[in-house]
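Asks: let's see this in three dimensions:
(one chain, ligands or ions: 1)
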Amino acid sequence: MTDSNQNSSCSQKNSLKEEIPSQKLLERHLYEKPSFRIPKTSLFFKITTEKVLVTATLELCQEENSPINSLADSFTNSNSITCSLTPSLTDSLMNSVSAESPGSLSPSFTGVPKSLFLHGKNLSLLEISINEKPLSPQNYTLTEEGLLLHNPQSSFTLCTTVELHPKENTHLEGLYSSGRAFLTQCEPQGFRRITFYLDRPDVMSSFFVEIQAPEKDFPVLLSNGNCLESENKEGLLTVKWEDPFLKPCYLFALVAGSFECLKKSYVTQSQRSVQLEAYVRPGQLLKASFALDSLEKAMRWDETRFGLEYDLHTYMIVATDDFNSGAMENKGLNVFNSLLVLANPQTATDENYFHIESVVAHEYFHNWSGNRVTLRDWFNLSLKEGLTVFRDQEFSMDTFSLLLYGSLTYKDSNPPSSLEDQGPNAHPVYPESGYSVDNFFTTTIYEKGAEIIRMVQTILGRPLFNEGLKMYFQKFDGQAVTIEDLIHTLFDSYVQNPQHHVFNLEQFKLWYSQYGTPQVTIETHYDKDKKLLKFVFTKSTNRNPRINQNSLW
Ligand SMILES: [Zn+2]
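Replies: Take a look at the predicted model:
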């Protein structure tokens, strides 16, 4: 995701502006794997101008060695209890354990029904069934945070229908209206405003989406993946989409409205034909051509530099005037703030063109760094953002001359991430705790995260770095992983080389856990008699009292 308020291609969303919610502190080390997975997600959207009905059919199956069993063990072993959970006790347990990471965590005791928690916010539940049988109210509990299913089977199909009112959704997360169009924003936790789900990045699913709407109001109906079919019956348009690649729900997208489309075809290095499409408000078609040219350039660069090719039949960019973030990398269907995609050749400056190109490239590069290989939890945000900012910087440096790149990106001697890193909001690139995942979208996570990746490239050299990154995408394709997985893979062959036996990887990784910026002072002493010049380097902190003195410097 990219922020619209920054000239840089990426930055914070609502960082540190939000009030601290009353929920408890989220801690990275408390991560537990989801107890259930959702191999297949089918969504049916029935859209009218006033409301949207969403029917979600989820195939759920329990993970082997899920935390249900470990939690059950820990309770039964320590307390030797066998009891029944009342709904209120279940709720309080869920509130204590399910705030973010757990998501699906289900308390379970010997002889007591298990339960499964699905996130859901501001949803009006109309129908609910399991394995096509309507569920009676005593089998589930609705809370402000979601839906608690009592006594789920190890494998079942859940079907829910909820009613949404996009025009009343002022959060600009979930499904909301922009002018007369409807569109979505799900990163980081907007999908729970669309349907009940395990809204966490390590639950990856294949998505099938059917959208139905009156064509006169919504002539364009888009979602992720490949378009399977489109038909119009008596003014009612139905379009079906299928995304064959596993993805977390934060990458889901839907766009419904009236748009004009600029098309261009692209042939990948393996000779596959891909359709590039830019959807804009009527009358703005000519302003989108530079964005499509930029997209083509980015696709070619990623093939040449890292051997990474696009995977779907179509790549769509939608420009809208009402978008909370700058741009969002939803799989195959990027949504952009118009400012970052449209350029009027009569008035646009070099700087405008530069930012359009780098943001279009940034969102495209996410197709691999973020989408095909995604993050385990939001503490690992820099896994995709730091790496993708680095990739778009490399692209810009390769595409523009270094001099031009420098003049367009130069602001002052302190880049934004450095200013944040020296102030009261300083925090590690790999945070250990936080009150809200929204607060992780900072310049430190994005830009300082990119600088750490650049250090890795400097240490390894470009050829070894390129090989390491290719290995990372190969090894973790279709998985939700961590910053450790990335760093260890990049350094894998380097640390095995006996020539590099002095390199300490654990020491290097401190760059992720230590906040603050080192101050390096260099003194020179020249001995005229001996004709010897001596340099003395001194490292110190920037006087931030929160910096741990026992770390890198
Ligand atoms: Zn991004």
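
Asks: buried sites along stretch 177-188?
Replies: By 16 or more other C-beta atoms under 10 Å, the buried positions in stretch 177-188 come out as 177, 178, 181, 182, 183, 184, 185, 186, 187, 188. In this view, the C-beta of every residue, glycine as well, is placed from N, C-alpha and C.

Asks: kindly export that stretch (C-alpha atoms) in PDB.
Replies: Only the C-alpha atoms of stretch 177-188 are listed here, as PDB (Å, rounded to 0.1, in the frame of the first residue of the first chain):
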ATOM      1  CA  SER A 177     -18.900   4.600  -2.100                       C
ATOM      2  CA  SER A 178     -16.800   6.900  -4.200                       C
ATOM      3  CA  GLY A 179     -19.100   9.200  -6.200                       C
ATOM      4  CA  ARG A 180     -21.600   6.900  -7.700                       C
ATOM      5  CA  ALA A 181     -19.200   3.900  -7.700                       C
ATOM      6  CA  PHE A 182     -18.600   1.300  -5.000                       C
ATOM      7  CA  LEU A 183     -15.100   0.100  -4.200                       C
ATOM      8  CA  THR A 184     -13.200  -1.700  -1.500                       C
ATOM      9  CA  GLN A 185     -10.100  -1.200   0.700                       C
ATOM     10  CA  CYS A 186      -9.200  -4.200   2.800                       C
ATOM     11  CA  GLU A 187      -5.600  -3.600   4.000                       C
ATOM     12  CA  PRO A 188      -5.000  -4.100   6.800                       C
END
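
Asks: that one near the ion anywhere?
Replies: No. Stretch 177-188 does not reach the ion (C-beta under 5 Å from the ion); its nearest approach is 9.1 Å.

Asks: ok, residue 204 to residue 250 distance?
Replies: Taking C-beta to C-beta, to the nearest Å as the measure, residue 204 and residue 250 are separated by 11 Å.

Asks: need the residues that contact stretch 381-390.
Replies: For stretch 381-390, the external contacting residues (C-beta atoms under 8 Å, 6 or more residues apart in numbering) are 1, 8-10, 362, 365-366, 369-370, 374-375, 429-430, 440-441, 445-450, 452-454, 457, 481-483, 485-486, 512.

Asks: find me the pLDDT at whichever residue of the stretch 101-250 of the chain sits closest to the ion, would you?
Replies: The ion sits closest to residue 187 of the stretch 101-250 of the chain, with a gap of 9.1 Å, by C-beta to the ion. We have a pLDDT of 97 for residue 187.

Asks: so it sits in a strand?
Replies: No. Using DSSP: H, G, I helix; E, B strand; the rest coil, the assignment for residue 187 is coil, not a strand.

Asks: that one and residue 251 touch, don't they?
Replies: Yes. Using C-beta atoms under 8 Å, residue 187 is in contact with residue 251, at 7.4 Å.

Asks: about what we covered before: and which of the buried residues of stretch 177-188 is nearest residue 34?
Replies: Among these, residue 188 lies closest to residue 34 (C-beta to C-beta), at 16.2 Å.

Asks: any stretches of this protein with poor pLDDT?
Replies: Across the chain, the ranges flagged by pLDDT under 70 are 4-23, 65-113, 407-408, 410-417, 541-553.

Asks: which element, helix or strand, includes the residue nearest to residue 525 when sequence neighbours are not counted?
Replies: In space, and not counting its chain neighbours, residue 525 is closest to residue 534: 4.4 Å by C-beta to C-beta, 6 or more residues apart in numbering. Using DSSP states H and E, residue 534 maps to strand 532-540.

Asks: quick one: contacts of that strand?
Replies: Defining contact as C-beta under 8 Å, 6+ apart, one finds that strand 532-540 is touched by 518, 519, 520, 521, 522, 523, 524, 525, 526, 527, 553.

Asks: separation between the nearest residue to the third one once chain neighbours are set aside and the ion?
Replies: When the adjacent residues along the chain are set aside, residue 520 lies closest to residue 539, with 5.7 Å between them (C-beta to C-beta, 6+ apart). With the distance defined as C-beta to the ion, to the nearest Å, residue 539 ends up 32 Å from the ion.

Asks: follow-up on the earlier one: inside strands: which ones of the contacts of stretch 381-390?
Replies: If you go by DSSP state E, the contacts of stretch 381-390 have 374, 375, 481 in strands.

Asks: wait, which of the residues you listed is closest to residue 502?
Replies: Nearest to residue 502 among the ones in strands among the contacts of stretch 381-390, counting by C-beta to C-beta, is residue 481 at 28.1 Å.

Asks: can you pull the contacts of the closest one?
Replies: So residue 481 contacts 373, 374, 375, 376, 380, 383 (C-beta under 8 Å, 6+ apart).

Asks: of these, closest to residue 56?
Replies: Of those, the one sitting nearest to residue 56 (C-beta to C-beta) turns out to be residue 374, at 20.6 Å.

Asks: tell me how many other residues crowd the nearest residue to residue 272 once chain neighbours are set aside.
Replies: Excluding its sequence neighbours, the residue lying closest to residue 272 (C-beta to C-beta, 6+ apart) is residue 309, at 7.6 Å. Using other C-beta atoms under 10 Å, residue 309 has 15 neighbouring residues.

Asks: and what about residue 309, helix, strand or coil?
Replies: Strictly by three-state DSSP, residue 309 counts as coil.

Asks: residue 329 versus that one, what's the distance?
Replies: 17 Å.

Asks: can you give me the helices in this structure?
Replies: Remark: helices assigned in the chain by DSSP state H are 67-79, 87-97, 289-306, 350-365, 381-399, 402-409, 416-421, 443, 449-460, 462-476, 483-496, 505-508, 510-513.
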